[in-house]
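J.: missing the sequence, but the structure's below:
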């Protein structure tokens, strides 16, 4: 990840042709970035430019997952700044589950329920602004429950706490009928066990940042209301992800994501990621599936709209 200012990012066409610095690609396809942390500090210095590049590249909406209690304020702020274009989620990321997770979850749940207790389908107030004040919302202010899940990649120190926090937030999804945005690393067996327990009651969701093999994809596809979130890893030179997906995953069971500012696709690998890079992912997946860029973009957009009720 590159934390430097990106006002003059050099863009590339999906065919790899370098374009003059500051110039953006024409809008050849439309897409939804289903997972970007655009509320983060990495974008504070050039947020307007990042959003402008995303729109120029074809983005119609950006979906922003929560990671902890503090992210509620930053997500609401960025959604208010770009109403209808940036949409919010709420959740406690597994790496943020610590000793005080029960208190944090209680505060987040109270906000979720308060924000969901008013009767409106519009996340904005009549004035065009997000509701102000903690817990002040209209209808389902929040688009999904996420980013939630299990992560044992670095440590299992809070394994039991993560399991409990994840299950509680799965229960939020059942109660509110908001989809889940699920993060899972080195814990697929445990995650699947919990999802299976609530499968019939859950509205569905996304298994975020899927980078597994064909067997793992097939296991997750058994949950027919869930889809796989596919990002920059699919474009890496040594990755077989695109081919594995095309072999066993129907095109209408994937959605596109950046996980920005992380995991930038080739040829921007190692840079700060942003939504304007999604066309590189589209091209790589379209090649693997043997369809046009437009067909791949249209299919994944339709799936995102279905999963998130957009």
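T.: Thanks, I have the structure now. Being a predicted model, the structure only gives us computed values, none of them experimental.
J.: helix, strand, or coil at residue 255?
T.: Using DSSP: H, G, I helix; E, B strand; the rest coil, the structure places residue 255 in strand.
J.: what's the pLDDT at it?
T.: According to the prediction, residue 255 has pLDDT 98.
J.: pretty sure it is touching residue 297, no?
T.: No: using C-beta atoms under 8 Å, residue 255 is not in contact with residue 297; the gap is 11.1 Å. Quick note: C-beta positions are derived from backbone N, CA and C, even for glycine.
J.: between the two, which one's more packed in?
T.: For residue 255 versus residue 297, neighbours defined as other C-beta atoms under 10 Å are more numerous around residue 255 (29 against 25).
J.: if that one is in a bridge, with which residues?
T.: With DSSP bridges applied, residue 255 shows beta-bridge pairing to residue 229.
J.: equivalent analysis for residue 90, please.
T.: residue 145.
J.: and it, what does it touch?
T.: 66, 72, 75, 108, 111-112, 142, 145-146 (C-beta atoms under 8 Å, 6 or more residues apart in numbering).
J.: okay, it: pLDDT?
T.: For residue 90, the model assigns a pLDDT of 98.
J.: same thing with residue 154?
T.: 88.
J.: buried stuff in stretch 242-255?
T.: Residues 242, 244-246, 249, 251, 253-255 are the ones in stretch 242-255 that count as buried (16 or more other C-beta atoms under 10 Å).
J.: what two of those residues are the furthest from one another?
T.: 244 and 255 (16.6 Å; C-beta to C-beta).
J.: which SSE is residue 80 in?
T.: helix 71-81 (DSSP states H and E).
J.: for that helix, buried residues please.
T.: 71-72, 74-76, 78-80.
J.: relative to residue 41, which of these is nearest.
T.: Out of the buried residues of helix 71-81, the member with the shortest distance to residue 41 (by C-beta to C-beta) is residue 74, at 8.7 Å.
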